[in-house]
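Q: what follows is a predicted structure for the sequence shown.
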Amino acid sequence: MQHLATLTGTGSLSTREAGSSVATYRIAIYRHTSGPEQGQTVTQGVLAAEGWALVVARIEGSAVLVLDTGEIVDIRLTDMGASDTTAIFILIGKLPAF
């Protein structure tokens, strides 16, 4: 895989049921360089936010992350992180500009 960009910043994590929380994020963007997925873009992210917001986002299945640029991206939490205030996520749909 080819690393294309890493985006970091502080924005907000919004859920449908519980409102929003300040969130610090790191999003790594890669592109497959070989195999059947050649050319496809892959994202992996780590997010730190208030524990209640992460739990609600995990239960709801998706959430909205507002980047520090104001850009809005849909995310899905794939796993909780090493602490109760971190989570691992993927982007759903449109990638942020980089």
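A: Okay, I see it. Numbers count the residues shown, from 1 in each chain.
Q: from residue 46, how far out is the spatially closest residue to residue 57 that is not a sequence neighbour?
A: Spatial nearest neighbour of residue 57, chain neighbours left out: residue 63 (3.7 Å); criterion: CB to CB, 6 or more residues apart in numbering. (Glycine included, C-beta is placed from N, CA and C.) Counting by CB to CB, to the nearest Å, the separation of residue 63 from residue 46 is 14 Å.
Q: who has more neighbours out of these two?
A: residue 63 (28 against 16; other CB atoms under 10 Å).
Q: for this protein, which segments count as strands?
A: For the chain, the strands defined by DSSP state E cover 2-15, 19-31, 41-48, 63-66, 72-80, 86-92.
Q: got the contact list for residue 12?
A: The contact partners of residue 12, taken as CB atoms under 8 Å, 6 or more residues apart in numbering, are 20-23, 65-66.
Q: pull out the buried residues from those.
A: Buried subset of the contacts of residue 12 (neighbour count, 16 or more other CB atoms under 10 Å): 20-21, 23, 65-66.
Q: re earlier: in TSV: the strands of the chain, plus mean pLDDT and distance to residue 57.
A: Putting the strands of the chain into TSV (pLDDT from 0 to 100; distance: least, CB to CB, whole Å) gives the following:
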stretch	mean pLDDT	distance to residue 57
strand 2-15	95	5
strand 19-31	94	9
strand 41-48	92	9
strand 63-66	94	4
strand 72-80	91	5
strand 86-92	92	7
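Q: in JSON lines, list those strands along with distance to residue 55.
A: JSON lines is the format used below for the strands of the chain (distance: least, CB to CB, whole Å):
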{"stretch": "strand 2-15", "distance to residue 55": "9"}
{"stretch": "strand 19-31", "distance to residue 55": "11"}
{"stretch": "strand 41-48", "distance to residue 55": "13"}
{"stretch": "strand 63-66", "distance to residue 55": "11"}
{"stretch": "strand 72-80", "distance to residue 55": "8"}
{"stretch": "strand 86-92", "distance to residue 55": "9"}
